[in-house]
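Asker: Fold the stuff below for me.
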Amino acid sequence: MEKISTDEFLIRQPSFPERTQTDSYYIRVADRLLEEIGADAFGSAMPAGLARRLALSLTGYIQDVVADAGLWRSFVDACRELYGFSVPFHTVGEEYVDYELNREDVRFMTWYVIAMLWEDRREIYPHDAGLLALADRCFAVLEEIYDDAPVPEGFNLAQGLEFNDPDDRAAIYRLGNWLFLHSWLLTPAFSVSLREVMGQVPADDPDFTVKVNGRLEEAMLQDTTGPLALFTPEWVYLMIERRLPHETPEADAPEHKYYTAFTAATGGEDIRFFDSYEAMNEFFISALGWEAGKEHLAQAKGAHDYVLMVNPHKGMLMARDIARCLKAPGNPLYDEAFARENSFDLLTVRGLCPGDLLHRALKEGWLPYAHFPGSDDYELVKANADFIARCYLQLYYRGD
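Answerer: Model (predicted):
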């Protein structure tokens, strides 16, 4: 396999387009990782571009750890704040050393890059034997060089910055730009979103590049990214302040009219399940007072089942073809056999389940049989369900 090129490496460095004295060393590290990936039974089956991306991502990880640049530290700290664990999917023991090279970190990173970038293995089980063997080969390379690796120059973009200092605005923007567009940790998770952004501009548009760049500029502030689906300002804040920003509670809006009518018709229940469009449409008319004799939301016709849920302030949402997956009280459509085969999709397929409904399902334990395909490890998904949804669904899960 062709070696990592200088340009291929540099574009992912915080100091790009400038070169540093340590670049050559870490290009060699990336090449060694690429060789190990190609020599591995699992790794050799990867598309060539993915193998290179994995080598570069793991190189970025070791650079960050050696420099204590803060991105990996931020991810671990955020995982602990959100979930109480250091790294998703893996239980760490006493040998785990915070913010240094760890086998569990490399195993997670290997899963993350593959799951986000290899379409054919997008839902790969994090404890897949082939994946873990590949990760351990890469870990051996990094462990060998770790003690003597030079501190990479230009990697500490967040050092000395203050989030609200006007004098640091340019440096903070530069940090956010690198994190969003080029960093080793955030960019794999943005791959599907990037395709969505690219698809918003016709390929034959004479201003294609300008429009795509403009959309990416908007996305840097408006879209989530990275394995935790944080907004770029949240990642920047996390790196500088070493904690997640605390959200300011919004003042309660007036009770939504659909919530009032819905709960009045259901005796206080805020969710209903329907086995046909016709049954749902009748509910629109009889319960919500919509115009009689009319097919409402007719574009939704043709699904197997429907879910309606209301929020006191947001109004009403509808979901199609997922009621059989939801082991919710009062759901006559729940089908355990169907749920075992399909409920994991609610955590990974964008647009399948509205975010508020998925949050509710996870909080209430309505997806007990969600599992990575090829495994029956329900407990792993249960313990990591919010993380999985963030990582795969991004704004579809975290958006309002």
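Asker: before we move on, what SS does the nearest residue to Val236 once chain neighbours are set aside have?
Answerer: Nearest non-adjacent residue to Val236, counting by C-beta to C-beta, 6 or more residues apart in numbering: Gly176, 5.0 Å away. (C-beta placed from N, C-alpha, C; glycine too.) Put simply, Gly176 is helix when judged by DSSP: H, G, I helix; E, B strand; the rest coil.
Asker: May I have the residues that are in contact with Gly176?
Answerer: Listed by C-beta atoms under 8 Å, 6 or more residues apart in numbering, the contact set of Gly176 reads Met220, Thr232, Pro233, Trp235, Val236.
Asker: which of those tops the neighbour count?
Answerer: In terms of neighbour count, Trp235 stands highest of the contacts of Gly176 at 27 neighbours, by other C-beta atoms under 10 Å.
Asker: give me the element it is part of.
Answerer: According to DSSP states H and E, Trp235 maps onto helix 232-241.
Asker: neighbours around Ala41, how many?
Answerer: Other residues lying near Ala41 total 9 when counted by other C-beta under 10 Å.
Asker: Pretty sure it sits in a helix.
Answerer: No. Counting by three-state DSSP, Ala41 is not found in a helix; it is coil.
Asker: Identify the residue spatially nearest to it, adjacent ones excluded.
Answerer: Gly130 (6.7 Å).
Asker: could you measure that neighbour against Asp40, distance?
Answerer: Distance from Gly130 to Asp40, counting by C-beta to C-beta, to the nearest Å: 8 Å.
Asker: what about these two, which has more around it?
Answerer: The residue with more neighbours, out of Gly130 and Asp40, is Asp40; 19 against 14, by other C-beta under 10 Å.
Asker: I'd assumed Asp136 was in contact with that one.
Answerer: No. Contact status for Asp40 versus Asp136: not in contact, 9.6 Å apart, counting by C-beta atoms under 8 Å.
Asker: List the residues that contact Arg32.
Answerer: Val141.
Asker: Over the helix or strand containing Leu50, what's the mean pLDDT, rounded is fine.
Answerer: Per DSSP H and E, Leu50 falls inside helix 48-67. The pLDDT scores in helix 48-67 average 97.
Asker: Now that helix: buried residues?
Answerer: Neighbour-count burial for helix 48-67, counted by 16 or more other C-beta atoms under 10 Å, picks out 50-67.
Asker: So which elements touch it?
Answerer: helix 6-10, helix 23-39, helix 71-83, helix 103-117, helix 129-146 (3 or more C-beta pairs under 8 Å, 6 or more residues apart in numbering; DSSP states H and E).
Asker: Can you verify my assumption that Ser183 contacts Ile11?
Answerer: No. The criterion here is C-beta under 8 Å, and Ser183 misses it with Ile11 at 11.2 Å.
Asker: Can you check which residues contact both of the two?
Answerer: When C-beta under 8 Å, 6+ apart defines a contact, no residue borders Ser183 and Ile11 alike.
Asker: Neighbour count: those two, which is higher?
Answerer: Ser183 (24 against 13).
Asker: chain center to stretch 262-271, what's the gap?
Answerer: Offset of stretch 262-271 from its chain centre (C-alpha atoms, centre = their mean, to the nearest Å): 34 Å.
Asker: Next, the distance between the ends of that stretch.
Answerer: Terminal residues of stretch 262-271 lie 9 Å apart, using C-alpha to C-alpha, to the nearest Å.
Asker: And it, what's buried?
Answerer: Going by neighbour count (16+ other C-beta under 10 Å), the buried part of stretch 262-271 is Phe262, Thr263, Thr266, Ile271.
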